[in-house]
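Enquirer: From the sequence below, what's the structure:
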Amino acid sequence: MVTLSGVRARRWGLPFSLVRLCLSEARPVVQIIFLLRFASGSALGSGMTASVLLGAFAWECAVVFVYLLNGVTDVVEDAVNASRRPIARGALPRGFARGFAFLAGGLALLAGLAMGAEFFAAIAAFMLLGYLYSAPPYQLKRHPAGAAVVVTLGGLLTYWGGLASGDGTTGGLLTNWGDGTPGDPLLAAGVLAVAMSLWMGLVGTPTKDFSDTAGDAAAGRRSAADLFGASAVRRGVGLTAIALGGAYLYAASALAPMLVPAAAVTLAGAIVLAVLAVSPLSRGSRKAARLPYRVFMATQYGTHLVVALTL
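Expert: Predicted coordinates:
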């Protein structure tokens, strides 16, 4: 005898499991770091107001849209790279994932409308960039410069969204950036946003390619290593990471002293990443080649957690 609860389990078990797989495909580790970026912008702006919760929900829905759509369009390279993500291993149908992505995107835009014009502009621009990055015929991910620009702008928009949500619906961020003196929280927000967005675009984007060259080639993507050579790119990424970490620490000490501990974490992570990038430890297997990217991601987490502790 089949009970009513059993019927419900059969009816709803599959969709619920697919929703869970969609969230897994959208990369929880990425969703969390975007939430930390957003929260940092909010905290350095007008503080953690009630509107921040709605704004954070909207932004996370937008992140799910962007990264789930990316998973749908990355199926060739993910399969070649032996990725264990749900779509690549055949556990999540692409059609369901695509539909869920646009559902999340719709929720993001609806919640964004309730946040005011400035926040809505930021979240709509973020989602548009994500679409242009992944979806044909644009697929800016196929070109190193296009990928770096999209990732950097996506970071800047996330901090902007956090600031705008903390400011409620007044839309004051476009005209009010504090007094501009060292220690001003809004100036600190600008320093953090620029430094960590460049960290994403100029360090994270090429570093991620270290482990994905085979899949990128199969999908027709031109990585920086293809254009300039793997060794040159590894050295360039290492130098860029250290230069960016040093510049962030200098800007923090001059303009935003509250960010000095976080900037020190970034510089320390940059040095480790640079050493690994040119070291034999990050060559050979895909797991080894992914080490610099893991350091990149850990540095982001460490930086933002120190920002939270400092505030």
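Enquirer: Every contact and neighbour count from this point should use C-alpha atoms.
Expert: Fine.
Enquirer: now the host helix or strand of residue 261, how far from the chain's geometric center?
Expert: Using DSSP states H and E, residue 261 falls within helix 260-278. Going by Cα atoms, centre = their mean, to the nearest Å, the spacing between the C-alpha centre of helix 260-278 and its chain's C-alpha centre is 19 Å.
Enquirer: Please name every helix or strand in contact with that helix.
Expert: Counting contacts by 3 or more Cα pairs under 8 Å, 6 or more residues apart in numbering; DSSP states H and E, helix 260-278 is packed against helix 230-255, helix 291-310.
Enquirer: Nearest approach to residue 82 belongs to which of those?
Expert: In terms of Cα to Cα, the element of the helices and strands packed on helix 260-278 nearest to residue 82 is helix 291-310, at 16.9 Å.
Enquirer: Same question for the helix or strand that contains residue 97: list its buried residues.
Expert: Here residue 97, judged by DSSP H and E, is contained in helix 94-114. Within helix 94-114, the residues that count as buried by 16 or more other Cα atoms under 10 Å are 94, 97-98, 100-102, 104-109, 111-114.
Enquirer: cool, and stretch 271-282?
Expert: Result for stretch 271-282 [16+ other Cα under 10 Å]: buried residues 271, 272, 273, 274, 275, 276, 277, 278, 282.
Enquirer: Would you format these as TSV with pLDDT and distance to residue 82 included?
Expert: Formatted as TSV, those follow (pLDDT from 0 to 100; distance: Cα to Cα, whole Å):
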residue	pLDDT	distance to residue 82
271	98	30
272	98	27
273	97	24
274	97	26
275	97	27
276	96	23
277	94	22
278	94	24
282	89	18
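Enquirer: Can you give me the domain assignment for the chain?
Expert: 26-176, 178-311 (automatic domain parsing).
Enquirer: Need those domains in a markdown table (columns: distance to residue 18).
Expert: Listed next are the domains of the chain as a markdown table, based on distance: least, Cα to Cα, whole Å:
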| stretch | distance to residue 18 |
| --- | --- |
| domain 26-176 | 6 |
| domain 178-311 | 25 |
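Enquirer: With residue 15 as the reference, name the closest of the ones you listed.
Expert: Residue 15 lies closest to domain 26-176 among the domains of the chain, at 9.2 Å (Cα to Cα).
Enquirer: and residue 138, what helix or strand is that in?
Expert: With DSSP H and E as criterion, residue 138 is part of no helix or strand.
Enquirer: How much space separates it from residue 129?
Expert: Residue 138 sits 10 Å away from residue 129, going by Cα to Cα, to the nearest Å.
Enquirer: Mind checking which of these two has more residues around it?
Expert: Shown here are residue 138 and residue 129; by other Cα atoms under 10 Å, residue 129 has more neighbours (19 against 11).
Enquirer: Test my guess that that one contacts residue 150.
Expert: Yes: at 6.1 Å, residue 129 counts as touching residue 150 under the criterion of Cα atoms under 8 Å.
Enquirer: Any stretches of the stretch 151-300 of the chain with poor pLDDT?
Expert: 167-183, 212-221 (pLDDT under 70).
Enquirer: now with 50?
Expert: For the stretch 151-300 of the chain, applying pLDDT under 50 flags the ranges 168-177, 179.
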